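*Asks:* just need the structure, nothing else, for what follows:
(one chain, ligands or ions: 1)
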Amino acid sequence: MGLSRVHFPISALGPGRRIGIWFQGCSIRCPDCMSRDTWVTARRKITVDALLESIAPWLSEADGVTISGGEPFEQPEALLALLQGLRVAGGLPVLTYSGFAYEFLRDRHHQTLSMLDVLISEPFESTMAVSAPLFGSANQRVTCLTERGTELWRRAEAEWSERGGKLDLIAESDGSIWLAGVPGPGDLDRLGHRLGGAGIKALTSAGRLGGTI
Ligand code: SF4
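*Replies:* The predicted structure is shown next:
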């Protein structure tokens, strides 16, 4: 499978401390996508078994798994195998993002949906302001597919109404930093200006942050 990155803990993409898995490759090409580095398909290849092995040490500490991308459903066999492996490994609640419409996924990926707890679907529309927790834009839809998915979403809504959105800023050992989460309108520019004030130039795969830095 094509993998962009994997990280634990992630706190900005669902309640609690979560394992974040980002698939590599997306052909949907939403205008203003902030994850353009995940569009190409051949960045890093890994077997699903190797991925499961790499996250195994985190499973006992994690509250859940969030799968994003890239577009996870463009690697349907790998996504299904990953979900099956996660279930065998303890069955943590899984929240998955997709840029496809819910009806498209329901008609073509029934078995995969049956293994998810929460699905956030639909393409990113940058002109539609965020209206719910964990959404990139207001047109997106949440589908709770299990009872614990409904509970997960209740927790996400409670956290969102209490403190709004959240971003994780992650520093790698090579000195690079990256963001996990769903930035609200203007968040990236504000972050870029703050980093610029500290003498740090920040770029996204879609362009420079913060305008003047
Ligand atoms: S589906 Fe996600 S990764 Fe793909 S273009 Fe849209 S926002 Fe970007």
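
*Asks:* what does the top helix by length along the chain rub up against?
*Replies:* Of all segments of type helix in the chain, defined using DSSP state H, the longest is helix 147-163. Here helix 147-163 makes contact (Cβ atoms under 8 Å, 6 or more residues apart in numbering) with 14-16, 64, 93, 95, 116-118, 132-134, 142, 144, 166. C-betas here are computed from N, CA, C, even on glycine.

*Asks:* the nearest residue to Ser68 once chain neighbours are set aside: what's it in contact with?
*Replies:* The shortest distance from Ser68 to any residue other than its chain neighbours is 4.3 Å, reached at Tyr97 (Cβ to Cβ, 6 or more residues apart in numbering). Contacts for Tyr97 (Cβ under 8 Å, 6+ apart) come out as Thr66, Ile67, Ser68, Gly69, Pro72, Leu119, Ile120, Ser121.

*Asks:* list the contacts for the last one?
*Replies:* Ser121 sits next to Tyr97, Ser98, Gly99, Phe100, Ala101, Tyr102, Leu105, Gln140, Arg141, Thr143 when contact means Cβ under 8 Å, 6+ apart.

*Asks:* just the buried subset of those, please.
*Replies:* Tyr97, Ser98, Gly99, Phe100, Tyr102, Leu105, Gln140, Thr143 (16 or more other Cβ atoms under 10 Å).

*Asks:* between those, which sits nearest Asp174?
*Replies:* Closest approach to Asp174 among the buried ones among the contacts of Ser121 (Cβ to Cβ): Tyr97, at 26.4 Å.

*Asks:* check contacts around Ser35.
*Replies:* Trp22, Cys26, Gly69, Gly70, Ser205 are the contacts of Ser35 under Cβ under 8 Å, 6+ apart.

*Asks:* and it, how far is that from the ligand?
*Replies:* Plainly put, Ser35 is 5 Å away from the ligand if you go by Cβ to the nearest ligand atom, to the nearest Å.

*Asks:* now do stretch 51-68: distance to the chain's middle.
*Replies:* 14 Å (Cα atoms, centre = their mean, to the nearest Å).

*Asks:* Ala171 contacts Ile177, doesn't it?
*Replies:* Yes. Ala171 is within contact range of Ile177, at 5.0 Å (criterion: Cβ atoms under 8 Å).

*Asks:* find the closest residue to the ligand in this protein.
*Replies:* Gly99 (2.3 Å; Cβ to the nearest ligand atom).

*Asks:* tell me, how many residues neighbour Gln84?
*Replies:* 15 (other Cβ atoms under 10 Å).

*Asks:* now it: how far from Pro76?
*Replies:* 12 Å (Cβ to Cβ, to the nearest Å).

*Asks:* equivalent analysis for Thr41, please.
*Replies:* 14 Å.
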